[in-house]
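Asker: Following is a predicted model, sequence given first.
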Protein chains: 4
Amino acid sequence: MSKPLNIGMIGYGFMGRAHSNAYRKVNNFFDLEYRPVLKAVCARDKAKAQAFADTWGYESVETDWKKLIARPDIDAVDICTPNNLHKEIAIAAAAAGKTILCEKPLAIDTAEGEEMCKAVEKAGVPNIVWYNYRRVPAVTLAKQLIDEGRLGKIFHYRAVFLQDWTISADLPQGGAGLWRLDAAAAGSGVTGDLLAHCIDTALWLNGPIQSVTAMTETFIKERTHTLSGKVEQVKIDDACAFLGRFSNGSLATFESTRYARGHKALYTFEINGENASIAWDLHDLHRLSYFDHRDDSIIRGWRSIHVTDGDQPYMKHWWVPGLQIGYEHSFVHQVADFLEGLANKKPVGPTFRDALETQKVCDAVLASGKSRQWVEIG
Amino acid sequence: MSKPLNIGMIGYGFMGRAHSNAYRKVNNFFDLEYRPVLKAVCARDKAKAQAFADTWGYESVETDWKKLIARPDIDAVDICTPNNLHKEIAIAAAAAGKTILCEKPLAIDTAEGEEMCKAVEKAGVPNIVWYNYRRVPAVTLAKQLIDEGRLGKIFHYRAVFLQDWTISADLPQGGAGLWRLDAAAAGSGVTGDLLAHCIDTALWLNGPIQSVTAMTETFIKERTHTLSGKVEQVKIDDACAFLGRFSNGSLATFESTRYARGHKALYTFEINGENASIAWDLHDLHRLSYFDHRDDSIIRGWRSIHVTDGDQPYMKHWWVPGLQIGYEHSFVHQVADFLEGLANKKPVGPTFRDALETQKVCDAVLASGKSRQWVEIG
Amino acid sequence: MSKPLNIGMIGYGFMGRAHSNAYRKVNNFFDLEYRPVLKAVCARDKAKAQAFADTWGYESVETDWKKLIARPDIDAVDICTPNNLHKEIAIAAAAAGKTILCEKPLAIDTAEGEEMCKAVEKAGVPNIVWYNYRRVPAVTLAKQLIDEGRLGKIFHYRAVFLQDWTISADLPQGGAGLWRLDAAAAGSGVTGDLLAHCIDTALWLNGPIQSVTAMTETFIKERTHTLSGKVEQVKIDDACAFLGRFSNGSLATFESTRYARGHKALYTFEINGENASIAWDLHDLHRLSYFDHRDDSIIRGWRSIHVTDGDQPYMKHWWVPGLQIGYEHSFVHQVADFLEGLANKKPVGPTFRDALETQKVCDAVLASGKSRQWVEIG
Amino acid sequence: MSKPLNIGMIGYGFMGRAHSNAYRKVNNFFDLEYRPVLKAVCARDKAKAQAFADTWGYESVETDWKKLIARPDIDAVDICTPNNLHKEIAIAAAAAGKTILCEKPLAIDTAEGEEMCKAVEKAGVPNIVWYNYRRVPAVTLAKQLIDEGRLGKIFHYRAVFLQDWTISADLPQGGAGLWRLDAAAAGSGVTGDLLAHCIDTALWLNGPIQSVTAMTETFIKERTHTLSGKVEQVKIDDACAFLGRFSNGSLATFESTRYARGHKALYTFEINGENASIAWDLHDLHRLSYFDHRDDSIIRGWRSIHVTDGDQPYMKHWWVPGLQIGYEHSFVHQVADFLEGLANKKPVGPTFRDALETQKVCDAVLASGKSRQWVEIG
């Protein structure tokens, strides 16, 4: 029989749903030693917590996250709160010996992240951050192709994450669903929300970034704040782009924005190597583009790989070739890998420590955006 | 509190998984009066039934479908067997007053299908056939655009369903996973398996087909039969194409095959109207292509609609714009609609009667393939 | 010094321009023994002939094609008239010992075509028909890949030619620019105009077609005739689709129409072989899609080959990799090949005899459309 | 009768061919007051000059550009030499009262460009620089859509120009065909060769750039020099990326490289406005992508506009809808517009003065690449 892993979820928003769905599905599709049990969900508003529990099958609710952490029947804490609460909760959960699954970005800044890393490492608790895109099968396949050495020396890495949902000046900042526009809750704007995803993938696929120069912009300077009801200055970055250099000698160009009309969630990356190149696009996440210069010259071309075959990452667990999976499955894969890591007693990335590296790049980018100088990453 | 609908599943193959997943997920994402309960799964091999029950959370197992149907605690029977068993099971289930969800195609042929329709209609039991592609959001959006009159008079409807998984002559026929190559179990080859999907969608979107002329082919004439262990004649159609005329005056061109190298499950359709055209492709099922001649002439072009917004069919129940869903969700939508129909006491298509129309076209196509004559559809 | 080939052009419409451009350009880009000289253009309306001659640099004009053919300073006659005049002109030109370049389709029907073939063969004059799409570099590359045996046994060949320019019922038939709607001038509608292109390519790439069953339709039954000023019955086919069998055992599905909203000139073909598949699309004619099953399984995918490299057909004569050529260049290539054939005294296809095979398929298709029976092609 | 414009071409390389083709074709397709006459071509190597003259129909050859400029029968001088000769020739041609058509980039640097601008302006001679991509119909359509105000306030402009032809370390630098790798002849690497195109288009479509921060790289540090025969330091930039700010408040991200495996000449740009966005790609130059947020929400999507209709820029001069033109036609359009400007006595851009603005941005980018500081553009 499978071993239960009792989950205590803190937060009930979009990510609460994505994680809960993953916990519920994972054992139907993956053969695992562990089985997540939806033990409790925590939110300040009891009615909302209960509604969420009813929808998703959580056995109980809490309104104080400290009580949740104190419960002996909780094995693992899933932190789905706004970013500004990650640190305190994570440190308390580590102190209580809980396994921790924390939404990205790890923290508001590197200093907070360092504290969190020390806490989980001191406590020796398993920990992971929800940079889910690593486990889109096409992205995992990209990693595999790189690890097999197919690309050769890397010259270029470029990534963008383009959205258009905050163009209207009428959109308020702050509060449920809009805390991402509120610097107090989010820490930063697109840098922590979108670029952080791009950076996590990049560090994983292409190694460390050494230095960056960045440009940030806040297009709409003031918005009504939902909590205060007043028009307040917008302190987050609406857009952020940076140039940089990876340790392996390749050049980086990154951009993110919420003002790119026509793009809902267009996260793309492309890697150009001496022998081959790879490109991926979140809007068609089940495909990977691949060009191999070693093909016969007359038939060289970018291949559109429909990543739905059983020998491609994760896909033997799902349907049959040609039938695509979607966004939510990346979370299922993360849970599956994490549970396997628990069984094998091996850490599964991105750990807090891995995510701290992303945080450092984000901080350097934001610092460069202010100073207008190149910033080295320690 | 939601009302239980106790499901008895017969069969445990690919479709058994797809349906079970839908039953388990539907209430997490849709607010419904009914809630499916996975009561029992039935398979001749008890160990396999038990393994399936363990994986998916079925409360009990049966090895005789007649016993399953006889159980008073079963409200609805889901028929996921090979095609040649649909009729007998469905008629028995109807006689027992069970709600029935039957895999497609409805039956081996029209005569069987007629019996099944009569049985469910006489018994007055809710019934539906799993032509799931109607409920891919992009396809449902196509239906909406047609119903809004955006296309105008229709001139052309063309569809293909292209696969390549049976090209190897070493592939046997018959048995688990390969019964689709065995005429005794499947009735026909690509006609019932693939064209049936294309026809169901077409009848739904564009109305009745009046007449057809068809061409069928069996490229590999003999294959080892898994059950007998002998090389036997292959009696299914490996490929089938037909031309036809719809009642609305538009022309039909349809093709399906399992010998189209490079295509895993490429179901595409395109509809050309006087004012606008629509195209869809299962390999990127979250997109719909749309051309509107009423756009300003200098900016006319095919639009690639990323069907992930909350105002597009079904999508408010899932994630946020830009984040795609996949194949499995079409089954969730079918369950959601069916349960809503149960609550409202309104039939939800495709009913057995709807699916019988598809069966008639399939039969006409197969008959024309043999006779090399145009065949009228009564 | 290059040898002149004195051209006498009959007709001055769209094709007259395309051919004239080819004659003028060919020696700038190809190193050839022969050099076309624009000697004379012939049209009934002298002013129009003169205007065309001025624009294109023809040295003289004629208003009677018989006089043009009689001129000893004309080496080659280019027939760009409506289809119903091809036969008479070609036979006269052959009798006069002229080299002949004839617009497609070869003739109104097979009987006419037979007479034309006999005439040129009896006279022993070089002859070619302007099925220009064979010499789009991507299409020529397709031929090369097939000839190299990369595809293996062929299972399927499908082609469509979709346009939308005659949807309006207000469009008249007949007269300049609209003779393609007038059966008296054109012989047939889309069959001779569009399907003929698809068939020529298919016979070249995949060998003979043995039998067909077809469906034809005239959506708009009456249109004002430009020449008579009266509303007259439309006698051409607005749309035509057929199924068929090639001699090599592969299945054919073909369709053409001028009622496919959103498609200007969408000629596409796809060939599925045991080992590899090829697809092409006139709307992006500089690309070829190629799938090779022998690629490593995890990176299999359709390659989009940008056919602009020097080792791909014809491309060393043009620009540099990445810089595309267009429609008009297919005519330049045909002239270049034809002139090389003249120098080498080798016939270059499609000859009249080659084009007659296309004509036979067209006739069979039209006959089947009427009889609703399969038609064998002798 | 049309007026002759006697052309004296200096240089006979790739661009010499592209321009000569344009001069020869323009009057076949455009109705113009002027007619280019290919009077003389100049190259140091007489045999090569003569061969070029024979191929293209130049009436005479020169081996000293000063003699060419001195000829009274030359009206216009076309400068197709390596970049380091532009200044001297242009100033001499201006002094001789010649009309000047100069290849891009205008000069080695801004200082040279200033001198050239002063020379042509003092002499009052018509002048233009061959930034040909402005006159790809899809790009001209983008300009039209922007000028019509369809995009609204602009937030983002991003462009890349990606090639892969210098990845091999065996490729030498310098000499015919390879002077672009030799800083002495080219001035810079990808900045002047590729980014200059991107910048010219950007300034035209989106107005001035105020400031930039850049990163440059030379991946292969030494290459054999064709002229010296020795291994020498490579002094050009192999790759260059920059961030910047436009005067209109929009953000710029630009990148160019010759080390992007899989891309032959992938020049793309995208512009995101408040209401609509535009994207273009040189690899499919006959298409424009357009997204309009004002479309009905359920059918919003990126439109792929096949820019081949008569009401789209330049296209009424060519073939019929659906039939694409290519790279070379952008030069024909530039000649057509320039000749029309001569007839109307109106300057046609990009003039030397326009091109100087591009030069200033290039210089700022190169300076920033060295200083690692933001650079303001005066």
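Answerer: Thanks, I have it. Numbers count the residues shown, from 1 in each chain, chains lettered A, B, ... in the order given.

Asker: doesn't A:G189 make contact with A:C362?
Answerer: No. Counting by C-beta atoms under 8 Å, A:C362 stays clear of A:G189, with 11.0 Å between them. No exception for glycine: its C-beta is placed from N, CA and C like everyone else's.

Asker: partners of A:L266 in the sheet?
Answerer: In this entry, A:L266 is beta-bridged to A:L162, by DSSP bridges.

Asker: same thing with the one 10 residues further on?
Answerer: The partner list for A:A276 in beta bridges (DSSP bridges) reads A:D292.

Asker: Return the residues in contact with it.
Answerer: Under the criterion of C-beta atoms under 8 Å, 6 or more residues apart in numbering or on different chains, the contact list for A:A276 reads A:L145, A:R150, A:L151, A:G152, A:Y290, A:F291, A:D292, A:H293, A:R294, D:R261, D:G262.

Asker: same thing but at 10 Å, please
Answerer: Taking C-beta atoms under 10 Å, 6 or more residues apart in numbering or on different chains as the definition of contact, the neighbours of A:A276 are A:145-146, A:149-152, A:290-295, C:299, D:261-262.

Asker: Name only those of those residues that count as buried.
Answerer: Among those, those that count as buried by neighbour count (16 or more other C-beta atoms under 10 Å in any protein chain shown) are A:L145, A:I146, A:R150, A:L151, A:Y290, A:F291, A:D292, A:H293, A:D295, C:I299, D:R261, D:G262.

Asker: And the residues you listed, which two are furthest apart?
Answerer: Spatial extent of the buried ones among the contacts of A:A276 (C-beta to C-beta) is set by the pair A:I146 and A:D295 at 18.1 Å.

Asker: How far off centre is the one helix or strand A:V37 maps to?
Answerer: Mapping A:V37 onto the secondary structure by DSSP states H and E places it in strand A:34-42. Per C-alpha atoms, centre = their mean, to the nearest Å, the displacement of strand A:34-42 from the mean C-alpha position of its chain is 21 Å.

Asker: From the contact counts, what lies against it?
Answerer: Of the remaining helices and strands, those touching strand A:34-42 by 3 or more C-beta pairs under 10 Å, 6 or more residues apart in numbering or on different chains; DSSP states H and E are strand A:3-10, helix A:14-29, helix A:46-56, strand A:60-62, helix A:65-70, strand A:76-79, helix A:328-344.

Asker: got the buried residues for that strand?
Answerer: Applying a neighbour-count criterion of 16+ other C-beta under 10 Å, one finds A:Y34, A:P36, A:V37, A:L38, A:K39, A:A40, A:V41, A:C42 buried in strand A:34-42.

Asker: ok, the nearest residue to A:N132 once chain neighbours are set aside - how many residues close by?
Answerer: Ranked by C-beta to C-beta, 6 or more residues apart in numbering or on different chains and with sequence neighbours excluded, the top spatial neighbour of A:N132 is A:S330, at 4.1 Å. A total of 24 residues lie near A:S330 under the criterion other C-beta atoms under 10 Å in any protein chain shown.

Asker: Surely A:S330 and A:T201 touch.
Answerer: No. Taking contacts as C-beta atoms under 10 Å, A:S330 lies outside contact range of A:T201: 11.5 Å.

Asker: any shared contact partners between these two?
Answerer: Taking C-beta under 10 Å, 6+ apart as the contact criterion, the common neighbours of A:S330 and A:T201 are A:Y131, A:Y133, A:R134, A:V136, A:V139.

Asker: With respect to chain D, which of those residues is nearest?
Answerer: For chain D, the nearest member of those is A:V139. The distance, counting by C-beta to the nearest C-beta, is 18.4 Å.
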